[in-house]
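A.B. asks: Dropping a prediction and its sequence here:
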Amino acid sequence: MSNIIDISQLHFSFKEGRRIFAGIDLRVKPGEYVVITGKSGSGKTTLLRMIQMDIKPDSGKISVAGYDADSMSGRNMPKFRRKVGVVYQDFRLIKNMTVFDNVALALKIRGIPSKQIKARVIKTLFDVGLSHAAHLYPEEVSGGEKQRAAIARAIIGRPQVLLADEPTALLDNKTANEIFKILHRINVGGTTLVLASHIQAPFIKLSYRVLEVNNGNLIPVGVNED
Amino acid sequence: MKTKTRRKIDTGYTGRAIAGCALIFTFLILFIIAGYNIIVAADDFRKELTIQVYLEDDLDETRIREIESSMWDITGVSNVKYVDKGDALSILKEEYGEELFTELKDNPLPRSFEIKMDRKYLGWENMERAALEIRPMEGVTDVDYGGDLLRKLDLLREFVITIGLIFAVLISLAATAVVSTSTQLLYFRDREKVEVMAMLGATNFYIARPLIIQGVIVGFLSSVVATLISLGFYMFINESLIGLEFAPPHLLAAVFLWAALWGAYGGYVGFLKGKSMVSLYGN
């Protein structure tokens, strides 16, 4: 089976010269759950941004869901972004839209008829346990509920890959565990998941494939790296 | 409460853009009124112009009819009227008064033809072409069609139209700048939403569409406001300049359409400028 994410010899330094990646390789198979860990500022978010093709590497190859970073055109970018869902630590919900509308936006931009949108949003909100908050605005719900809404928005378009950048950083432990359970269910459903987190212990326990960004390299942690 | 504040900001941006563009388009409409009146006056004057063909005194009736028939064959001729010596004198007497001619024993005026050209052949080139065809005819002593005056009228018409078009483009560029700045502000205010939409895979057109529509609305409404301001100005000055015409409906409709199109362009330019300032991660 071909890799859904294929990164080879990736080099990247920030403009001021700080080196982030010194030729890393990463191959992810469809349906895998990969956790990227590392200290704050080590490059976890940068790696996710590169997978999302938001920034380009200095050198190296990135291929995600059949799209090559080298040959990616502006015209293809929206199509690519619909295949890659993203969840941020700060939720990125639109403040003046209800939870329902925030989630529905992902389908509206695809031109899906409103009847279908309604049915799919209701089902997705139910799947993430947020049916009760559909009519509320982001400022009216808790942090955990905001993240559930963000996850619902990211998965409603049925992406092949879901990127989660420190999705529990702003949440308490109990809420964080609930979010991890939701992400696990999404992965079990077949979606490839790449999660960036500054903690690694719980993921090692769960036997996920854990990789640590350390000094410009991507080092396997735990038992499942081949 | 939040939505109300937001609407207030929207109205503020849009209102200022409409006010700015309306001021700019007022200049355009006033220029159109001035230009239109110059062209109408020139065309009215042109309509009165005829080609005067003077004949030799001793021509017989047969030759006069032959000349008349030849003139009807000239392209663009719509009317040929024979004016004999007596008619010519009557016309002069009517214009200048009987007294001036009481001492006159013989009628010195020549017989002539008065030729009218069709409306679309009233240009200088056509009048001259017709005059050049008539002049060599046997029995014709002179042809007069006010060539110099016609040439000047044609030049004036071209000048007004050319300057009008240049002025319209310059004015529209200024309006575009106003609309694009306002759009850019809206885009920047909504950058969070734009970032999210881009992250979800929205196309540029999807993101730009509301901004382009906003540009169309600003362009259209500002041209309507500009028309009302110009109408007020027109009514004020027309009290002393009787007979001045307001811009005709078809020209106003063209201005509305033109303003809406440039508004759309301004909206798109604002989108492109705003887009260059915003990235997915807001840096």
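C.D. replies: Perfect, thanks for sending it. Predicted model only: the values in this text are computed from it and were never measured.
A.B. asks: for chain A, what helix or strand is lowest in average pLDDT?
C.D. replies: When the helices and strands of chain A are scored by mean pLDDT, DSSP states H and E, helix A:201-205 comes last with a mean of 67.
A.B. asks: What about A:H132, how many residues nearby?
C.D. replies: With neighbours defined by other CB atoms under 10 Å in any protein chain shown, the count for A:H132 comes to 12. Where you see a C-beta, it was placed from the backbone N, CA and C, and this is true even at glycine.
A.B. asks: correction: B:I163
C.D. replies: B:I163: 12 neighbours (other CB under 10 Å).
A.B. asks: Let me know the secondary structure of it.
C.D. replies: helix (DSSP: H, G, I helix; E, B strand; the rest coil).
A.B. asks: Check what pLDDT the residue most central in space within chain B gets.
C.D. replies: Most central in chain B under CA atoms, centre = their mean is B:Y36, positioned 5.0 Å from the mean C-alpha point. With respect to pLDDT, B:Y36 has a value of 89.
A.B. asks: Isn't it up against B:P248?
C.D. replies: Yes: in terms of CB atoms under 8 Å, B:Y36 counts as a neighbour of B:P248; the distance is 6.9 Å.
A.B. asks: which residue does chain B bring closest to chain A?
C.D. replies: B:G201 (3.6 Å; CB to the nearest CB).
A.B. asks: which stretches of the chain aren't confidently modelled?
C.D. replies: Went with chain A since none was named. A:1, A:201-202, A:204-205, A:222-226 (pLDDT under 70).
A.B. asks: Sorry, I should have been clearer: chain B.
C.D. replies: Segments of chain B classed as low confidence (criterion: pLDDT under 70) are B:1-11, B:241-242, B:277-283.
A.B. asks: Could you rerun that using 80?
C.D. replies: Low-confidence regions of chain B, defined by pLDDT under 80, span residues B:1-13, B:43, B:45-48, B:98-105, B:122-124, B:146-150, B:183-190, B:238-243, B:274-283.
A.B. asks: mind giving me the domain ranges of it?
C.D. replies: Taking automatic domain parsing as the domain assignment, the ranges for chain B are B:2-44+B:152-281, B:50-145.
A.B. asks: deepest of those, which one?
C.D. replies: Taking mean count of other CB atoms under 10 Å in any protein chain shown as the contact definition, the stretch among the domains of chain B with the greatest mean neighbour count is domain B:2-44+B:152-281, which reaches a mean of 18.
A.B. asks: roughly how far is that domain from the heart of the chain?
C.D. replies: Its chain's average C-alpha position is 19 Å from that of domain B:2-44+B:152-281, according to CA atoms, centre = their mean, to the nearest Å.
A.B. asks: One more: stretch A:21-28?
C.D. replies: On CA atoms, centre = their mean, the centre of stretch A:21-28 falls 17 Å from that of its chain.
A.B. asks: Keeping just the C-alphas, turn it into CSV.
C.D. replies: As requested, the backbone C-alpha atoms of stretch A:21-28 are provided in CSV (Å, rounded to 0.1, in the frame of the first residue of the first chain):
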residue,chain,number,x,y,z
PHE,A,21,14.8,20.0,10.2
ALA,A,22,18.1,18.5,9.0
GLY,A,23,16.9,16.0,6.4
ILE,A,24,14.0,14.2,8.0
ASP,A,25,12.0,11.3,6.5
LEU,A,26,8.4,10.4,7.4
ARG,A,27,6.2,7.8,5.7
VAL,A,28,2.7,7.4,6.9
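A.B. asks: Just the buried residues of it, please?
C.D. replies: Applying a neighbour-count criterion of 16 or more other CB atoms under 10 Å in any protein chain shown, the buried positions in stretch A:21-28 are A:21, A:24, A:26, A:28.
A.B. asks: what comes into contact with it?
C.D. replies: Taking CB atoms under 8 Å, 6 or more residues apart in numbering or on different chains as the criterion, the residues outside stretch A:21-28 that touch it are A:3-12, A:34, A:43, A:46-47, A:57, A:60, A:192, A:194, A:211, A:213, A:215-218.
A.B. asks: give me the number of residues near A:G85?
C.D. replies: Other residues within reach of A:G85 by the criterion other CB under 10 Å amount to 28.
A.B. asks: right, is the helix or strand that contains it up against chain B?
C.D. replies: With elements delineated by DSSP states H and E, A:G85 resides in strand A:84-87, which encompasses its position. Yes: for strand A:84-87, a contact with chain B is found by CB under 8 Å from any CB of the partner chain, at A:V86.
A.B. asks: could you pull out the strands for the stretch 1-150 of chain B?
C.D. replies: For the stretch 1-150 of chain B, strands defined by DSSP state E, counting those that start in this stretch occupy the ranges B:51-55, B:77-83, B:112-117, B:140-144.
A.B. asks: what do you get for chain A?
C.D. replies: Ranges of strands in chain A, per DSSP state E, are A:5-13, A:19-28, A:33-37, A:59-64, A:67-68, A:84-87, A:161-165, A:192-197, A:209-214, A:217-221.
A.B. asks: Before I go, just wanted to say thanks for your time.
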